[in-house]
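A.B. asks: Provided below are the primary sequence and the corresponding predicted coordinates.
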Amino acid sequence: MKELLQLLLLSVFLISCGGSSESSSSWSADELDECKQEMLSEMEKDTASLDMFGLLGISKDEFISCSCDQLSKKFESFEVASVEIENLSEEEGMSMMMPCFGDLEQMMTGIQSELDEILDSDSAL
């Protein structure tokens, strides 16, 4: 059950990494690098993140690159994105980050497998 809670908490974290205002400008390579480094730093603090990426069938680096690309499409700079992220609803974040979660069917299959394992281990107790 503890694993399920960690999985759900990580999902909330991943959903919250989004943006809402449209911008056609793109970020500099330095801004993209800064975004990737900050996201990596935050994810390394979360021990359950590697499990989540395994369930999604994507690597941490793929998710980080996709997330920063999505942010750069929505915000004029990394500095603006860093501030505006705090004001997003879960729905806005999820909508923006959905492409970064990989194949939805694969994700659901992975989550179902994980839940089955948890339920099996709980029933064995």
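C.D. replies: Sure, I can see it. Numbering: from 1, shown residues only.
A.B. asks: who are the packing partners of the top helix by length along the chain?
C.D. replies: In terms of residue count, the longest helix belonging to the chain (DSSP state H) is helix 104-123. For helix 104-123, the packing partners by 3 or more C-beta pairs under 8 Å, 6 or more residues apart in numbering; DSSP states H and E come out as helix 2-15, helix 49-56. For glycine as for every other residue, the C-beta is placed from the backbone atoms N, C-alpha and C.
A.B. asks: lowest average pLDDT across those?
C.D. replies: If you rank the helices and strands packed on helix 104-123 by mean pLDDT, helix 2-15 sits at the bottom with a mean of 45.
A.B. asks: next one: the helix or strand that comes right after that helix to chain centre, how far?
C.D. replies: As assigned by DSSP states H and E, the chain's next helix or strand after helix 2-15 is helix 29-44. Its chain's C-alpha centre and that of helix 29-44 lie 13 Å apart, by C-alpha atoms, centre = their mean, to the nearest Å.
A.B. asks: tell me the mean pLDDT over helix 29-44?
C.D. replies: The predicted model gives helix 29-44 an average pLDDT of 92.
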